[in-house]
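> Structure for this input, please:
(2 chains)
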There are 2 protein chains.
Amino acid sequence: MQVSLSLERSFSHDVAIMVDVLRASTTITIALEKIPYVIPTLEIEEALTMAAKHQAFLAGERSGVTIEGFDAGNSPLEIQKFTGKTLIITTSNGTRILEGIRGRALIGSFVNAQAVAQKAREIANDHIELVMAGVRGRFAIEDFLGAGEIISHLKTNNLNEMALNEMAQSAFLAVQNQELVDHHVKNSLSARNLRKLGFGEDVEFCLQRDISQIVPQFKDGIIKILE
Amino acid sequence: MQVSLSLERSFSHDVAIMVDVLRASTTITIALEKIPYVIPTLEIEEALTMAAKHQAFLAGERSGVTIEGFDAGNSPLEIQKFTGKTLIITTSNGTRILEGIRGRALIGSFVNAQAVAQKAREIANDHIELVMAGVRGRFAIEDFLGAGEIISHLKTNNLNEMALNEMAQSAFLAVQNQELVDHHVKNSLSARNLRKLGFGEDVEFCLQRDISQIVPQFKDGIIKILE
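I've put the predicted structure just below:
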């Protein structure tokens, strides 16, 4: 089994896991605890149209700020309060990455690292790819470390069967010390921006390990739990 | 002081450290112990012309194989045996990167990590950049980890004055466990290729920490010791 790590662009035809720790991956995973369908959209207009059609909640942000008239930001803590059938979430970067995945598209982060790794191992034929969302094309340390954590679970039990590319190995090496990982995620540019906007508790939330067994899968425009 | 890490392309106008662990950075550093001038060239023809002009030794390789008629490969162990005034070394990737650096260009690896970090701190105004050489545009784990080791020395003593970009922080996190670092460098694609070609001892040599106090500087086409 090949395991590779890449930034933004997906290359696998088998299984790809999108990692957007702060906060899309985390928020979508938490949303699925109570809401069965999450529809990601690129644009605000599209989200509004979809919400009217599906009688759905609306979550979205631009640069970390909740969009006016939306029910929530991309905040896992806010999303926890909602129950319903459908959530529309605007996350331009995340949506673009999910739509660019040619194989099966899963969503992972610290909160479901173990679960998404296990599911990926079960369904992959020969290649599991981790796709870091990053921030506007830029490398983001929280996604590198979130990917590293998922990779460390991929290695478990199957050490000899997993051939990690050198970027994936590097992420695995970077998550050896959880205290350092937490420190660097909390001091990342994304985290500092979120704290400035009053979402400091979300950063702490997103750093919780394996609090969810949910593995979100994106298929035909909709994110649902992969059973 | 800003500290950044990038692949192949250099952005700093201040100080940039090229990191090509296996083996150009290491070989050049070791060569300067006994040979005062090292001239890097892109092409074999150019190297031959230069060697005739300077009555110099010739070191070079293509894909790890010593070029026919050359005195040595890009091997630090072979280079140690030579004494003279000038060494011509063909390393297409390394030469291209050095020529692309607009500020002061230093050369670093595991063997001089501490020394190059200290010198960079002394001469930089506001920005130290680490440039990973990689392999044909591809990320190479040995350069990421070599850069991480230099960065860990940059942090020492000046913890609060150093603002690491997130890629530099990631490399720092990845070198916390020396045993794991050694394991992953020894099993890198570059190392495996070198072992296949009979240069296994070079890989061990390149992993030695801080055996040299030499800091090579590339200026006007020539590499000399930066005093």
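> Tell me which residues of stretch A:134-146 come out buried.
A:Gly134, A:Val135, A:Phe139, A:Ala140, A:Ile141, A:Glu142, A:Asp143, A:Phe144, A:Leu145, A:Gly146 (16 or more other Cβ atoms under 10 Å in any protein chain shown). Placement of C-beta: from N, CA and C, glycine included.
> got a list of contacts for it?
Contact partners of stretch A:134-146, identified using Cβ atoms under 8 Å, 6 or more residues apart in numbering or on different chains, comprise A:5, A:7-8, A:19-22, A:25, A:93, A:108-110, A:113, A:132-133, A:171, A:174-175, A:181, A:184-185, A:188-191, A:206, B:166-167, B:169-170, B:173.
> Need the buried ones from those residues selected in ChimeraX.
Command for ChimeraX that selects the buried part of those, burial taken from 16+ other Cβ under 10 Å:
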select /A:5,7,8,19,20,21,22,25,93,108,109,110,113,132,133,171,174,175,181,184,185,188,190,191,206 /B:166,167,169,170,173
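> rewinding a little: adding secondary structure, write the buried residues of stretch A:134-146 out as a markdown table.
Converted to a markdown table, the buried residues of stretch A:134-146 look like this (DSSP: H, G, I helix; E, B strand; the rest coil):
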| residue | secondary structure |
| --- | --- |
| A:Gly134 | coil |
| A:Val135 | strand |
| A:Phe139 | coil |
| A:Ala140 | coil |
| A:Ile141 | helix |
| A:Glu142 | helix |
| A:Asp143 | helix |
| A:Phe144 | helix |
| A:Leu145 | helix |
| A:Gly146 | helix |
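> out of the contacts of stretch A:134-146, which are inside helices?
Applying DSSP state H to those, the entries found in helices are A:25, A:93, A:113, A:171, A:174, A:181, A:184-185, A:189-191, A:206, B:166-167, B:169-170, B:173.
> Could you work out the most separated pair of the buried residues of stretch A:134-146?
The largest separation in the buried residues of stretch A:134-146, counting by Cβ to Cβ, is between A:Val135 and A:Leu145 at 14.2 Å.
> residues from chain A in reach of chain B?
Within chain A, the residues that sit near chain B (Cβ under 8 Å from any Cβ of the partner chain) are A:139-141, A:144-145, A:166-167, A:169-171, A:173-177, A:180-181, A:184, A:188-189.
> Chain A: helices as residue ranges?
Under DSSP H, chain A gives helices at A:24-31, A:44-54, A:76-79, A:92-99, A:113-123, A:141-155, A:166-174, A:178-186, A:189-196, A:200-206.
> Would you point to the one among these that's packed deepest?
Of all these, helix A:24-31 carries the top mean neighbour count, a mean of 29, counting by mean count of other Cβ atoms under 10 Å in any protein chain shown.
> roughly how far apart are the residue positioned nearest the centre of chain A and A:Phe82?
Among the residues of chain A, the one closest to the centroid is A:Ser25, at 2.2 Å (Cα atoms, centre = their mean). To A:Phe82, A:Ser25 is 18 Å away according to Cβ to Cβ, to the nearest Å.
> Also A:Gly148?
Using Cβ to Cβ, we find A:Gly148 at a distance of 31 Å from A:Phe82.
> can you check A:Asp14 too?
For A:Asp14 relative to A:Phe82 (Cβ to Cβ), the value is 33 Å.
> who has more neighbours, these two?
A:Asp14 (17 against 14; other Cβ atoms under 10 Å in any protein chain shown).
> Nearest residue to that one in space, ignoring adjacent ones along the chain?
A:His127 (4.1 Å; Cβ to Cβ, 6 or more residues apart in numbering or on different chains).
> contacting residues around the one you found?
A:Met1, A:Gln2, A:Val3, A:Ser4, A:Ser12, A:His13, A:Asp14, A:Val15, A:Gly103.
> Let's see which of these end up in strands.
A:Gln2, A:Val3, A:Ser4, A:Val15 (DSSP state E).
> Just among these, which is most surrounded?
Within these, most neighbours by other Cβ under 10 Å means A:Val3, with 27 neighbours.
> Quick check: that one vs A:Ser12, distance?
10 Å.
> Can you pull out the residues in contact with the lowest-mean-pLDDT helix or strand in chain A?
Within chain A, no helix or strand scores below strand A:65-66, which has a mean of 82 by mean pLDDT, DSSP states H and E. Residues from elsewhere that reach strand A:65-66 (Cβ under 8 Å, 6+ apart): A:Gly60, A:Ala72, A:Gly73, A:Ser75, A:Leu197.
> Give me the sheet partners of it and which way each runs.
With DSSP bridges as the test, strand A:65-66 is paired with strand A:57-62 (antiparallel).
> Residues contacting the strand it pairs with, please?
For strand A:57-62, contacts defined as Cβ under 8 Å, 6+ apart pick out A:27, A:31, A:35, A:44, A:47-48, A:51, A:66-67, A:69-75, A:78-79, A:82, A:84, A:86-91.
> In chain A, where is pLDDT below threshold?
By pLDDT under 70, the weakly predicted segments of chain A are A:156-160.
> For B:Leu98, see how far away the residue nearest to A:Leu7 when sequence neighbours are not counted is.
Leaving out its chain neighbours, the residue that sits closest to A:Leu7 by Cβ to Cβ, 6+ apart is A:Met132, at 5.0 Å. A:Met132 is 30 Å from B:Leu98, where distance means Cβ to Cβ.
> cool, A:Gly198 as well?
47 Å.
> just to revisit the earlier point, quick one: common contacting residues for A:Val3 and A:Ser12?
With Cβ under 8 Å, 6+ apart as the test, A:Val3 and A:Ser12 both reach A:His127, A:Ile128, A:Glu129.
> In strands, which of these appear?
A:His127, A:Ile128, A:Glu129.
> measure stretch A:10-24 end to end?
This stretch, stretch A:10-24, spans 17 Å end to end (Cα to Cα, to the nearest Å).
> ok, how many other residues are close to A:Met18?
31.
> give me every residue that touches it.
So A:Met18 contacts A:Ser25, A:Gly94, A:Ile97, A:Leu98, A:Ile101, A:Ala105, A:Leu106, A:Ile107, A:Gly108, A:Val131, A:Ala133, A:Phe218 (Cβ under 8 Å, 6+ apart).
> Closest to chain B out of these?
Of all these, A:Ala133 has the smallest distance to chain B: 13.4 Å, by Cβ to the nearest Cβ.
> With adjacent residues omitted, what lies nearest to the closest one?
Among residues not flanking A:Ala133 along the chain, A:Asp20 sits closest, at 3.5 Å (Cβ to Cβ, 6+ apart).
> Does the one you found touch A:Arg96 like I think?
No. If you go by Cβ atoms under 8 Å, A:Asp20 and A:Arg96 don't touch, sitting 11.0 Å apart.
> will you turn the contacts of A:Met18 into CSV that also has distance to B:Ile214?
What follows is the contacts of A:Met18, written out as CSV (distance: Cβ to Cβ, whole Å):
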residue, distance to B:Ile214
A:Ser25, 46
A:Gly94, 48
A:Ile97, 45
A:Leu98, 50
A:Ile101, 48
A:Ala105, 50
A:Leu106, 49
A:Ile107, 49
A:Gly108, 45
A:Val131, 41
A:Ala133, 42
A:Phe218, 53
